[in-house]
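Student: Return atomic coordinates for the entry below.
(chains A and B)
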Amino acid sequence: MTASLSGRGLGHSFGSVAALDGFDFEIPAGDTVALVGPSGCGKSTLLELTCGLREPDSGRIEVAGETEASGRLAHCAYMPQRDCLLPWYPAIDNASLALRNRGSSRSAARRGAAGLFSQFGLAGFERSLPHELSGGMRQRVAFLRTFLSGKEVLLLDEPFAALDAITRAELQEWLLPVLLEGSRTVLLVTHDVEEALYLADSVLVMSARPGRVLERIKSPGDPSLSRSEQVTAPAFTSLRERILGLLTGSTEGFAGSTGESDAGRP
Amino acid sequence: MRGDRNDAGRSELLSSWVLPILLVLLLLLAWQLAASSGFMADRLGLEEFLVPSPAEVAKVLWQDRSLIAENAWVTLVEVVCGFLIALVVGLAAATLLHLSDLLRRASYPLVVASQTIPIIVIAPVLVVWFGYGIGPKLAVVALICFFPITVNTLDGLQSVDREKVKMMQTIWASRRQLFSRVEVPTALPYAFSGAKIAVAVAVIGAVFGEWAGADRGLGYLMLQDNAQLMTARLFASVFVLSMIAISLFALVALLERRLLRWR
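Tutor: Below you'll find the model as predicted:
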């Protein structure tokens, strides 16, 4: 179960504010692509458009061959910026929400989620209420909930933005193998360039609003290295600086190049 | 640490129970002194039996306990049944108004208008329509309780976190599942706030209902006692009435604590 993802000439406005304009992207099935850009450049809008919660004003999005909003929604799971756990359900019921929504009984849904709790570093916290969990654990439960939707495409909207630096690094290290071993197609929105390069196969750098793709950069990821080895490797740091340069350039208003390029590919 | 926590617990107990009780005792003592010394009657220019002391009220409460209890039971039934009617109708109305934009826009002014009806004026009309039985009392109580329950519950249903809705939509939730798993739990604390306000004012509704025409109940008894200048028993009825309100309020609050453990 793999699905590719693409968008052509996407444009979307909120009133007189253009969030996206002429946005093109393509994600091969099974890949993880990160989207970085200055705040307010339409990253979150792009996710809502992709999963069919909104229709773009112009352009066309295709998810696993589906272009209709309802068809896209059937293939995409969306993990919002905040964990959005339901405070009235214990962790296990939050994680297994998708199973229950699809008609499983509470006990069957719990059985379906229980096995993954240890893999997700949550063993022993099945019955804890969200407010009893740490920020990092809440985020893991939220990811597990997204994961258990059984959808081929995961759309992650700054999943670790609210966490402190140490917890964020831990979760990135934990998430990478999960993404690598699965066959899911992932679109990850982040403002953390390091996170983008570390977790994704390639990084789309966006311009300031209205958002367009400035450049597509292949990340130098080497799963055999640890996180700290990877993020300090010269290839990694030079790409990071390059992306940061693009981002600060674009916010200062001289975003010249808009096409995709292979620059930075090792 | 442990000692600290115990201290904290103790000071919490002190402020939540001991202080209110202390204040009430202090007020009762002041009243007792002012009444039994004849100071209050003197200042008001009244006969002393018209200004009973708390001790006299307590004495009457004990002496006439079966009469008061009989009438209190009648009022309690009116309050509880009227409240339950308002609860069912209010929750149903809030749900309907939440689910239909059209209905909400059309009938919200009507809901607000229902609260502007002067109960004292409408109660006698209800007696004319429904007779001297329990009917008009239930109608008055329900009318008074309906508004806080409906408005609070509707506010709760409408305050649902948009992000949670989007999240649910991408993990297969149907409209019905969205309602039962997100909207209803979100609205519950609001509904309880409404219910607590409603249950406190329900008692007033019952008394108004009885004043408009009744042959039993604490409101009826108070009218009789007032006419016969039995002020001590009047105060005894007021005391019982507020005990009913406080107990019902506490019951709803307890239920809230039980049901909303996640908060």
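Student: got the contact list for the residue nearest in space to the middle of chain A?
Tutor: The centroid of chain A falls nearest to residue A:188 when counting by Cα atoms, centre = their mean (2.1 Å). Contacts here follow Cβ atoms under 8 Å, 6 or more residues apart in numbering or on different chains; on that basis residue A:188 touches A:32, A:33, A:34, A:35, A:156, A:159, A:195, A:196, A:199, A:200. No exception for glycine: its C-beta is placed from N, CA and C like everyone else's.
Student: List phi and psi for it.
Tutor: phi -110, psi 120 (degrees, to the nearest 10).
Student: If it is in a bridge, with which residues?
Tutor: Per DSSP bridges, the residues bridged to residue A:188 are residue A:34, residue A:156.
Student: Between the two ends of stretch A:210-223, how far is it?
Tutor: Stretch A:210-223 has its terminal residues 35 Å apart, counting by Cα to Cα, to the nearest Å.
Student: With respect to residue B:233, which of the contacts of residue A:188 is nearest?
Tutor: Among the contacts of residue A:188, residue A:159 lies closest to residue B:233 (Cβ to Cβ), at 68.2 Å.
Student: neighbours around the closest one, how many?
Tutor: A count of neighbours around residue A:159, defined by other Cβ atoms under 10 Å in any protein chain shown, yields 27.
Student: next one: the one 10 residues further on
Tutor: Neighbour count for residue A:169, taken as other Cβ under 10 Å: 18.
Student: residues from the stretch 1-150 of chain A in reach of chain B?
Tutor: The stretch 1-150 of chain A has residues A:48, A:51, A:53, A:73, A:76-82, A:84, A:86-88, A:97-98, A:100-102, A:129-131, A:145-146, A:149 near chain B, with proximity defined as Cβ under 8 Å from any Cβ of the partner chain.
Student: at 7 Å what do you get?
Tutor: The stretch 1-150 of chain A has residues A:51, A:53, A:73, A:76-78, A:80, A:82, A:84, A:86-88, A:97-98, A:101-102, A:129, A:145, A:149 near chain B, with proximity defined as Cβ under 7 Å from any Cβ of the partner chain.
Student: In PyMOL, how would I select just the buried ones from these?
Tutor: To isolate the buried subset of the residues of the stretch 1-150 of chain A next to chain B in PyMOL, counting by 16 or more other Cβ atoms under 10 Å in any protein chain shown, use the following:
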select buried, chain A and resi 51+53+73+76+77+78+80+82+84+86+88+97+98+101+102+129+145+149
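Student: Out of the residues of the stretch 1-150 of chain A next to chain B, list just those in helices.
Tutor: A:73, A:97, A:98, A:101, A:145 (DSSP state H).
Student: which non-adjacent residue is nearest the last one?
Tutor: With Cβ to Cβ, 6 or more residues apart in numbering or on different chains as the measure, residue A:95 is the residue that lies nearest to residue A:145, at 5.1 Å, once sequence neighbours are left out.
Student: So the one you found is in contact with residue A:141, correct?
Tutor: Yes. Look at residue A:95 against residue A:141 with Cβ atoms under 7 Å: they come within range, at 5.4 Å.
Student: So those two - more neighbours on which side?
Tutor: Between residue A:95 and residue A:141, counted using other Cβ under 10 Å, residue A:95 has the larger neighbour count: 30 against 26.
Student: So the more buried one versus residue A:126, what's the distance?
Tutor: Noted for residue A:95: a distance of 8 Å to residue A:126, by Cβ to Cβ, to the nearest Å.
Student: picking up where we left off before, can you list the contacts of residue A:188 in CSV and add pLDDT?
Tutor: Output for those, formatted as CSV (pLDDT from 0 to 100):
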residue, pLDDT
A:32, 92
A:33, 93
A:34, 94
A:35, 93
A:156, 93
A:159, 88
A:195, 91
A:196, 92
A:199, 91
A:200, 92
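Student: quick one: which of those is nearest residue A:183?
Tutor: Looking across the contacts of residue A:188 and measuring by Cβ to Cβ, the closest to residue A:183 is residue A:32, at 11.2 Å.
Student: now the helices: where do they sit in the stretch 151-266 of chain A?
Tutor: Ranges of helices in the stretch 151-266 of chain A, per DSSP state H, counting those that start in this stretch, are A:165-181, A:193-199, A:227-232, A:234-251.
Student: the helices in chain B, which residues?
Tutor: B:2-13, B:19-36, B:39-44, B:54-63, B:65-99, B:101-116, B:119-130, B:135-158, B:162-170, B:175-178, B:184-211, B:218-227, B:231-259.
Student: Break chain B down into its domains, please.
Tutor: Domain ranges of chain B: B:1-51, B:54-259, per automatic domain parsing.
Student: Put together CSV for the ones in helices among the residues of the stretch 1-150 of chain A next to chain B, with distance to residue A:65 and pLDDT on each row.
Tutor: CSV is the format used below for these (distance: Cβ to Cβ, whole Å; pLDDT from 0 to 100):
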residue, distance to residue A:65, pLDDT
A:73, 14, 90
A:97, 27, 94
A:98, 22, 94
A:101, 24, 93
A:145, 26, 95
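Student: before we move on, back to that, quick one: which of the domains of chain B is nearest residue A:11?
Tutor: Comparing the domains of chain B by Cβ to Cβ, domain B:54-259 comes nearest, at 21.3 Å.
Student: Help me see whether the closest one makes contact with chain A, please.
Tutor: Yes. Judged by Cβ under 7 Å from any Cβ, domain B:54-259 and chain A are in contact via B:163-164, B:166-167, B:169-173, B:177, B:181-182, B:185.
Student: Is there a quick PyMOL command that grabs whichever of the residues you listed are buried?
Tutor: Restricted to buried positions by 16+ other Cβ under 10 Å, the PyMOL selection for the residues of domain B:54-259 next to chain A reads:
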select buried, chain B and resi 164+166+167+169+170+171+172+173+177+181+182+185
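Student: Farthest pair within the residues of domain B:54-259 next to chain A?
Tutor: B:170 and B:185 (19.2 Å).
Student: ok, residue B:91 - contacts?
Tutor: Residue B:91 is in contact with B:149, B:153, B:191, counting by Cβ atoms under 7 Å, 6 or more residues apart in numbering or on different chains.
Student: where does chain A have low pLDDT?
Tutor: Along chain A, segments meeting pLDDT under 70 span A:1-2, A:250-266.
Student: Not counting its own residues, what contacts stretch B:203-211?
Tutor: With Cβ under 7 Å, 6+ apart as the criterion, stretch B:203-211 contacts B:75, B:78-79, B:82, B:119-120, B:123, B:136-137, B:140-141, B:144, B:217-220, B:223, B:241, B:244-245.
Student: With stretch B:122-142 instead?
Tutor: Contacts to stretch B:122-142, defined as Cβ under 7 Å, 6+ apart, come from residues B:78-79, B:81-83, B:85-86, B:89, B:119, B:202, B:205-206, B:208-215.
Student: hey, C-alpha coordinates of that stretch in CSV?
Tutor: Written as CSV, here are the backbone C-alpha positions of stretch B:122-142 (Å, rounded to 0.1, in the frame of the first residue of the first chain):
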residue,chain,number,x,y,z
ILE,B,122,-47.2,34.2,34.0
ALA,B,123,-47.6,31.8,36.9
PRO,B,124,-51.2,32.8,37.7
VAL,B,125,-52.1,32.4,34.0
LEU,B,126,-50.6,28.9,34.1
VAL,B,127,-52.8,28.1,37.1
VAL,B,128,-55.8,29.2,35.2
TRP,B,129,-54.8,27.0,32.3
PHE,B,130,-53.5,23.9,34.1
GLY,B,131,-55.4,24.1,37.5
TYR,B,132,-54.1,23.8,41.0
GLY,B,133,-52.2,20.6,40.6
ILE,B,134,-48.5,20.0,40.1
GLY,B,135,-48.7,21.0,36.4
PRO,B,136,-48.2,24.8,36.6
LYS,B,137,-45.4,24.4,39.2
LEU,B,138,-43.5,22.1,36.8
ALA,B,139,-44.1,24.5,34.0
VAL,B,140,-42.7,27.4,36.0
VAL,B,141,-39.7,25.5,37.2
ALA,B,142,-38.9,24.1,33.8
